[in-house]
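In: Sharing a sequence plus its predicted fold:
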Amino acid sequence: MTTIVDKESRSVISSAVLSQGTWQKILAFASLIALMVVFSVASENFLQPDNLIGILQATAVNGVLAVAATFVIITGGIDLSVGTLMTFCAVIAGVFLTYWGMPMPVGILAAIVAGALCGSVSGTLIAKMKIPPFIATLGMMMLLKGLALVISGTRPIYFNDTPNFPMISQDSLIGAVLPFLPIPNGVLILFIVAIVSSLVLTRTAFGRYTFALGSNEEAVRLSGVNTDFWKIMVYTVSGGICGIAGLIIASRLNSAQPALGQGYELDAIAAVVIGGTSLSGGRGTILGTIIGALIISVLTNGLRILSVAQEWQTVVTGIIIILAVYADILRRRT
Amino acid sequence: MTPLVTITDLDKSFPGVKALKKARFDLFPGEVHALMGENGAGKSTLMKVLAGIYRKDAGEICIEGVPVDIASPRAAQDLGISIIHQELNLMNDLTAAQNIFIGREPKQAMGLLLDEDALNRNAASIFERMHLKLDPRAEVGGLTVAKQQMVEIARALSFRSKVLIMDEPTAALNNAEIAELFSIIRKLKDDGVGIVYISHKMDELKEISDRVTVMRDGEYVGTVPTASTSVDTIISMMVGRSLTETKTEIPDLSRHDVVLEVRNLQRGNAIKDVSFKLRKGEILGFAGLMGAGRTEVARAIFGADPLDGGEIIVRGDPVTIRSPRDAVRLGIGYLSEDRKRFGLATGMDVAANIVMPCLNRFLSMKMFLQARAIRETARSYIARLRIKTPSDAQEVRFLSGGNQQKIVIAKWLARDCEILFFDEPTRGIDVGAKNEIYKLLNALAEQGRAIVMISSELPEILRMSHRIAVMCEGRLTGELQAEGATQEDIMRLATQRRSLTADAPGARVEGAIA
């Protein structure tokens, strides 16, 4: 009995030592804490509850997009269309709710289904037509940006007929139950998306194949797995999650802004990378991605509180991305 | 005489594995010193430390009596140490000459431009020294594995190395190429080069090596002169016990059902009109030289590559196999010769790899992984196939080649396929593990599974097969009953080129397989 326990604990220890993703996560988490400590020392406003909630609120959209991007990046692919897909989905919600006057649940469903459909198109281009992910999603990024502008006539669509729409991200369900924790729904949605995604990645066949595709797609195919199908599924799921991001942002702005969206994909990819997911595929975690997204928000918020100019904030974010990836590389060099 | 290399008390650990424990080795100028041991014995690790790829944890390395610290492959090269890896390290899009002189290109125009002519001339002169007919301008990716290996050897030679480490250099070579390699090795010996030769092939060691050092579980077992030591002694040093080789008893299969029949398989130049039958419980050996089209036939039947024509009949029903998924559904499994590229997701753990083809069996609600059941299955195969791994959660890339191969086998056993294609199942695997795999193949056949075993090692073909099909240049050139077949019979068929048989009226008759 003791030997079995010994073996068990040894394997746990060795896998903990081995898993570079874990190290990166610890490192990322430590950086997050360190950043927060620095900012709270530098400015007393930083740790104010309102500010912290503001940070979470600001993370919601990028966080959800980053979760979407994590799925794709673990397969060894890349999705440049997450930002404009988000906008496209917001516009679709606007079309259903404002143009056609449908009830709110229909609009919500339409946005998510539109996202999933667009994702499945990207996935099909990549899996069936063998177009490299970078090119396929670059094409989708521009195509969706254009479509969003065409459909909306280049004007924002306001959700005036759907008074409850802003509640999706702005109300606080948690606050209603726990008045001292007025966390907005947008953040709640982020956490739900993250937890479900994390479970899907680690506990389901879909998640297992996602990692396997990034690890050695040919070996998986030769194992008799329908790799094309699963790859399309990954992009479909990722697209659906972009639809959720579209709802959050539309709800927060109480409008679908068709010109918005481009640039979001890079923030999302940055969060994923800072969180320790390998761009070459095969490894990554949702928790890491969330921490990565939080690091970006904390940095932006903290630097703003310290009155650092916007352009310098961008410079710092760039440096952080490079440092994060370099730290990961140092870890691997054993 | 001062030894070229003296290694004493070398330790090296990897996460979860102690790969070397006080390992020892020495090498004299002008000698071929074979390094043997089962998979995971630490041979490759020891040599990678010597070649500067891994840093030692403890111990001493002396080059010509002087203690040195070999910090990088570059440092090893400067000390005159070159290594030819088991897995080739070539840049496929560059030419042979560009590969050989990468980083040391001859320059012209005051060092601003590359001197391609000098580059190709230098490469050509090395090829000449090796008696190798190869265009230095040939793109490496388009060469056969054997030719690629020759390019690797040429690269090592170009360093004028004093110490040359060869890790399984003959794994992908045919007999003629091996003879060529050996003549090069003998020439290097005469020049005073010390050669470390890692191989599992006993007959080769007998032929080429002067001394043999045996390792087991990362430790030094002993060093013996090759000439005066029997193969059995060396094997028992390796495994710590003696092995008995037994010839497979060939069962009478004439009443068994035909589970797989292939008719007139056709695919470009690779597969030309191949037809054969495979019975339940049968081991059909596929012999032939490298590039004869055996792997292509297996891949085509498995749906990995598209077919131009032909019929595949599984258990009496004609079937269409468009993808590996179709094949697996029909109970056909394929174990690739190149396990790293086609067999394993090396970044994932042992358990994930073993259950990959049969993940559907381990799902609740068709969705959620049953972690406990997966782990139990993985553990049972780890125990059954004696896979050396710290745990089922170990990433596959940290395991030795032989253990990785066992994981590929475990994968298909777990899937429970009725028809199995084993493509070079013992490539790069030591004697002890080889025997285990042979036993496994026999056991599988006895259970009624039908096996096609592709092998380039004739003794293996003769030992394991119930029936032998021989291929040459994409065609089946003949079939032999294993009983009474000889290596010469097989080689005759394996070299039966089209040009020799085209105008012989009996050729087609011989090519047809009942």
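Out: Nice, thanks for sending it over.
In: Please name every helix or strand in contact with the helix or strand where residue A:122 lies.
Out: Using DSSP states H and E, residue A:122 maps to helix A:104-127. Applying 3 or more C-beta pairs under 8 Å, 6 or more residues apart in numbering or on different chains; DSSP states H and E, we find helix A:104-127 packed against helix A:82-94, helix A:133-152, helix A:227-253. No exception for glycine: its C-beta is placed from N, CA and C like everyone else's.
In: and the shortest one, what's its mean pLDDT?
Out: The average pLDDT within helix A:82-94 is 97.
In: swap in the last one?
Out: Averaged across helix A:227-253, the pLDDT comes to 96.
In: Show me which parts of it are buried, residue by residue.
Out: A:227-228, A:230-253 (16 or more other C-beta atoms under 10 Å in any protein chain shown).
In: filter the residues you listed down to the ones near chain B?
Out: Checked against chain B using C-beta under 8 Å from any C-beta of the partner chain, the buried residues of helix A:227-253 give no members in range.
In: so where do the helices sit in chain A?
Out: In chain A, the helices defined using DSSP state H lie at A:2-18, A:20-42, A:49-74, A:82-94, A:104-127, A:133-152, A:167-170, A:173-177, A:185-203, A:205-221, A:227-253, A:264-274, A:286-305, A:310-332.
In: Need the pLDDT of the residue in chain A that chain B sits nearest to.
Out: Chain B sits closest to residue A:224 of chain A, with a gap of 2.7 Å, by C-beta to the nearest C-beta. If you check residue A:224, the pLDDT there is 89.
In: Can you lay out the helices and strands packed on helix A:104-127 as TSV showing distance to residue A:268?
Out: As requested, those are exported to TSV (distance: least, C-beta to C-beta, whole Å):
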stretch	distance to residue A:268
helix A:82-94	5
helix A:133-152	12
helix A:227-253	9
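In: how about those helices, which one is nearest residue A:210?
Out: For these, the distance to residue A:210 is smallest for helix A:227-253, at 5.6 Å, taking C-beta to C-beta.
In: For chain A, what's its nearest residue on the stretch 251-400 of chain B.
Out: Taking C-beta to the nearest C-beta as the measure, the stretch 251-400 of chain B has residue B:328 as its residue closest to chain A, at 2.7 Å.
In: where's that residue relative to residue B:350, distance?
Out: From residue B:328 across to residue B:350, the span is 20 Å (C-beta to C-beta, to the nearest Å).
In: When those two are compared, which one has more neighbours?
Out: Each of residue B:328 and residue B:350 has its neighbours counted (other C-beta atoms under 10 Å in any protein chain shown); residue B:350 has more, 29 against 23.
In: Please name the residues that touch residue B:196.
Out: Taking C-beta atoms under 8 Å, 6 or more residues apart in numbering or on different chains as the contact definition, residue B:196 lies against B:25, B:27, B:33-35, B:47, B:50, B:163-166.
In: same check, this time on residue B:392
Out: Residue B:392 touches A:11, B:349-351, B:354, B:375, B:378-379, B:382, counting by C-beta under 8 Å, 6+ apart.
In: Turn the residues you listed into JSON lines, including distance to residue B:91.
Out: As requested, the contacts of residue B:392 are exported to JSON lines (distance: C-beta to C-beta, whole Å):
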{"residue": "A:11", "distance to residue B:91": "38"}
{"residue": "B:349", "distance to residue B:91": "31"}
{"residue": "B:350", "distance to residue B:91": "31"}
{"residue": "B:351", "distance to residue B:91": "35"}
{"residue": "B:354", "distance to residue B:91": "33"}
{"residue": "B:375", "distance to residue B:91": "40"}
{"residue": "B:378", "distance to residue B:91": "36"}
{"residue": "B:379", "distance to residue B:91": "41"}
{"residue": "B:382", "distance to residue B:91": "37"}
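In: Report the mean per-residue pLDDT for stretch A:312-319.
Out: On average, stretch A:312-319 scores 87.
In: can you check stretch A:297-309 too?
Out: Mean predicted confidence for stretch A:297-309 is 90.
In: again, but for stretch A:197-210
Out: In the prediction, stretch A:197-210 has an average pLDDT of 93.
In: Pull out the buried positions in it.
Out: Buried residues in stretch A:197-210 (16+ other C-beta under 10 Å): A:197-198, A:200-201, A:203-210.
In: Alright, that wraps it up for me.
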